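# Predicted coordinates and the sequence they were generated for:
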Amino acid sequence: MPIPIVVVRVQWDIRTSHRLHNFVQIYLPAMFSDNLTQRVRTFDAFPKVSTTYSRRSSQGGATTILLTVFCLYLIWSELGSYLTGLEDHQFKVEDHVGWDMQMNFDITVAMPCVTLHVNVQDVAGDRVLASELIEMEPTEFDLRNTHELTLESRADSELDDNLETVFRRAKVAKKFSKTKKFHHPLSEACRIYGSLNVNKVEGDFHITAKNYAYPDRESGSYFAQEALNFSHVIDEFSFGEFYPKLENPLDGVAALLDQHMFRYQYYLSIVPTTYVGYGGRKVVHTNQYAVTEQPTPRVNPTHPPGIFFKYTIEPLGMTITERRTPFIQFLVRLINVLGGVVVCTGWLYPLLDSAWEKWVTRGKSVPHDTQTMLDTGLKRED
């Protein structure tokens with residue numbers, strides 16, 4: 001008899017376990033999921049004020065409009081700064097070892113080419129006979145699109161000195177533009193242009209009259225002083241690779257002289273400069289310089305008349321790098337700014353609104369139909 005009893009109990013346990021298994025896998029998750037969905041739908045982390053305790057006003061609407069406009073302005077300004085990026089200026093000791101550098105110039109002097117001498121001499125004692133390495137062509141003395149070297153002109157040349165402008169204009173040119181056809185050898189002016197490799201040390205590039213600074217075998221006699229006129233126009237004067245579209249302090253500078261025996265000197269301080277685009281995709285190596293001028297009528301055999309460009313190379317180099325804020329950091333900053341503005345407005349508005357109401361209703365009695373039990377001091381009898 002014990003055997004049948006055991007079999008019946010085993011069958012009941014199997015059926016019960018099967019039912020419990022179905023209940024746990026099918027019905028129980030459905031019950032919890034429905035309850036969870038309902039809870040999520042009714043959950044609200046931000047407290048709401050009942051409409052019976054709120055009052056609409058024109059001041060509130062105007063404040064909301066102003067707040068919206070101000071937030072849009074902040075979004076636009078932050079987005080603009082994120083897209084344009086920032087410029088990081090760093091100075092460092094120049095560690096680039098170089099023996100020479102390139103000098104580019106395009107100068108027109110109001111004298112015939114046969115009367116001019118062009119040379120470069122540096123502190124190392126080396127002298128470059130530039131007249132044999134550059135182009136000297138007769139032309140007309142044109143003062144259009146020129147200006148004097150002033151503090152305002154030097155400041156204007158630095159206005160467009162940003163990375164976007166530099167990368168757009170930094171296109172290497174192998175040749176200078178051609179001179180307008182003017183074949184007469186004794187024309188009123190001479191165009192002196194070209195590029196020279198000079199020692200990377202302090203030096204002096206000068207344009208003088210023949211036999212006034214250096215003896216000239218071809219021209220044995222001095223030119224008359226009345227023939228000297230060192231009025232000049234500088235269309236290009238730069239160091240490094242020739243980027244004709246980059247602005248330099250001496251580009252477009254003109255000087256008119258009313259004396260024949262005159263010495264015009266420029267003092268240039270050169271700073272090696274490297275422009276690095278975002279991510280290092282664009283790199284431009286060039287040289288910037290600051291310039292001052294010193295016109296003087298005092299000349300003597302040791303200081304002959306002419307145009308002199310005295311340059312020095314600073315031991316410091318400057319690196320200008322374009323960088324941008326990471327997108328996550330930009331997003332967090334934008335949310336913080338907007339959230340701070342909204343919260344501060346929410347704090348200030350009740351104070352301003354109450355002050356406005358007190359100022360408007362000052363000296364006025366409250367209408368009877370708008371008085372409440374708190375105003376009249378009555379108590380509810382319920």
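Yep, it's here. Residues are numbered from 1 along each chain as shown.
# what's the distance between Pro138 and Leu351?
80 Å (Cβ to Cβ, to the nearest Å). For glycine as for every other residue, the C-beta is placed from the backbone atoms N, C-alpha and C.
# Of the two, give the one with the bigger neighbour count.
Ranked by neighbour count (other Cβ atoms under 10 Å), Pro138 and Leu351 place Pro138 first, with 19 against 9.
# Pretty sure that one sits in a helix.
No. Counting by DSSP: H, G, I helix; E, B strand; the rest coil, Pro138 falls outside a helix, being strand.
# now it, which residues is it bridged with?
Bridge pairing for Pro138 (DSSP bridges) gives the partners Cys190.
# Quick check: it touching Cys113?
Yes. With contact defined as Cβ atoms under 8 Å, Pro138 reaches Cys113; the gap is 5.7 Å.
# Just the helices from the chain, written as ranges.
2-22, 28-42, 58-84, 151-157, 163-169, 327-360, 373-376 (DSSP state H).
# Ranked by average pLDDT, which of those helices falls at the bottom?
Lowest mean pLDDT within those: helix 373-376, a mean of 45.
# got a list of what the one residue sitting closest to the centre of the chain touches?
The structure's the chain has its C-alpha centroid closest to Asn162; by Cα atoms, centre = their mean the separation is 3.9 Å. Each residue near Asn162 by Cβ atoms under 8 Å, 6 or more residues apart in numbering is listed here: Glu87.
# again, only using 10 Å
84, 87, 168, 275, 320, 322 (Cβ atoms under 10 Å, 6 or more residues apart in numbering).
# My guess is the first one contacts Arg323. True?
It stands for Thr84. No. Judged on Cβ atoms under 10 Å, Thr84 makes no contact with Arg323 at a distance of 11.2 Å.
# Who's the closest spatial neighbour of Tyr82, skipping the chain neighbours?
Distances taken as Cβ to Cβ, 6 or more residues apart in numbering put Phe330 closest to Tyr82, at 4.8 Å, once the chain neighbours are dropped.
# residue boundaries of the strands in the stretch 201-350 of the chain?
Under the criterion DSSP state E, counting those that start in this stretch, the stretch 201-350 of the chain contains strands at 203-209, 232-239, 253-255, 263-276, 283-296, 306-313, 316-323.
# looking at the ones you listed, which is closest to Lys92?
strand 316-323 (5.8 Å; Cβ to Cβ).
# From Asp106, how far out is Leu86?
35 Å.
# more crowded one of the two?
Using other Cβ under 10 Å, the more surrounded residue of Leu86 and Asp106 is Asp106, with 23 against 12.
# What distance do you get for that one to Asp122?
22 Å.
# do Met101 as well
11 Å.
# which neighbours do the two share?
What both Met101 and Asp122 touch, as defined by Cβ under 10 Å, 6+ apart, is the set 198-201, 203, 311.
# Next, format the contacts of Asn162 as JSON lines and append neighbour count.
What follows is the contacts of Asn162, written out as JSON lines (neighbours: other Cβ atoms under 10 Å):
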{"residue": "Thr84", "neighbour count": "13"}
{"residue": "Glu87", "neighbour count": "14"}
{"residue": "Arg168", "neighbour count": "12"}
{"residue": "Tyr275", "neighbour count": "21"}
{"residue": "Ile320", "neighbour count": "19"}
{"residue": "Glu322", "neighbour count": "21"}
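# Distance to Thr302 added to those residues, as JSON lines?
Conversion of the contacts of Asn162 to JSON lines gives the following (distance: Cβ to Cβ, whole Å):
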{"residue": "Thr84", "distance to Thr302": "53"}
{"residue": "Glu87", "distance to Thr302": "46"}
{"residue": "Arg168", "distance to Thr302": "46"}
{"residue": "Tyr275", "distance to Thr302": "41"}
{"residue": "Ile320", "distance to Thr302": "41"}
{"residue": "Glu322", "distance to Thr302": "49"}
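# where in the stretch 51-200 of the chain is pLDDT low?
The model of the stretch 51-200 of the chain has pLDDT under 70 over residues 51-59, 96-98, 150-161, 173-174, 181-187.
# repeat that with 90
Residue ranges of the stretch 51-200 of the chain with pLDDT under 90: 51-101, 112-117, 121-135, 137-189, 197-200.
# give the contact list for Asp122.
128, 198-205, 311.
# Give me the neighbour count for the closest residue to Asp95 other than its chain neighbours.
With Cβ to Cβ, 6+ apart as the criterion, Asp95 has its nearest non-adjacent residue at 7.7 Å, and that residue is Gly317. A count of neighbours around Gly317, defined by other Cβ under 10 Å, yields 17.
# What of Leu74?
With other Cβ under 10 Å as criterion, Leu74 counts 15.
# Likewise for Phe167?
16.
# Just the pLDDT for the nearest residue to it once chain neighbours are set aside.
Residue nearest to Phe167 in three dimensions, not counting chain neighbours: Lys282, with 5.3 Å by Cβ to Cβ, 6+ apart. pLDDT for Lys282: 85.
# can you pull the contacts of Lys282?
163, 166-167, 170, 275-276, 322.
# in the stretch 201-350 of the chain, which segments are predicted with low confidence?
Along the stretch 201-350 of the chain, segments meeting pLDDT under 90 span 201, 209-228, 240-248, 252, 256-262, 273-286, 294-304, 314-350.
# let's see it at 70
For the stretch 201-350 of the chain, the stretches with pLDDT under 70 are 215-222.
# just checking, Tyr82 touches Thr325?
Yes. The pair formed by Tyr82 and Thr325 meets the contact definition of Cβ under 10 Å, at 5.8 Å.
# For Asn119, name its beta-bridge partners.
His206.
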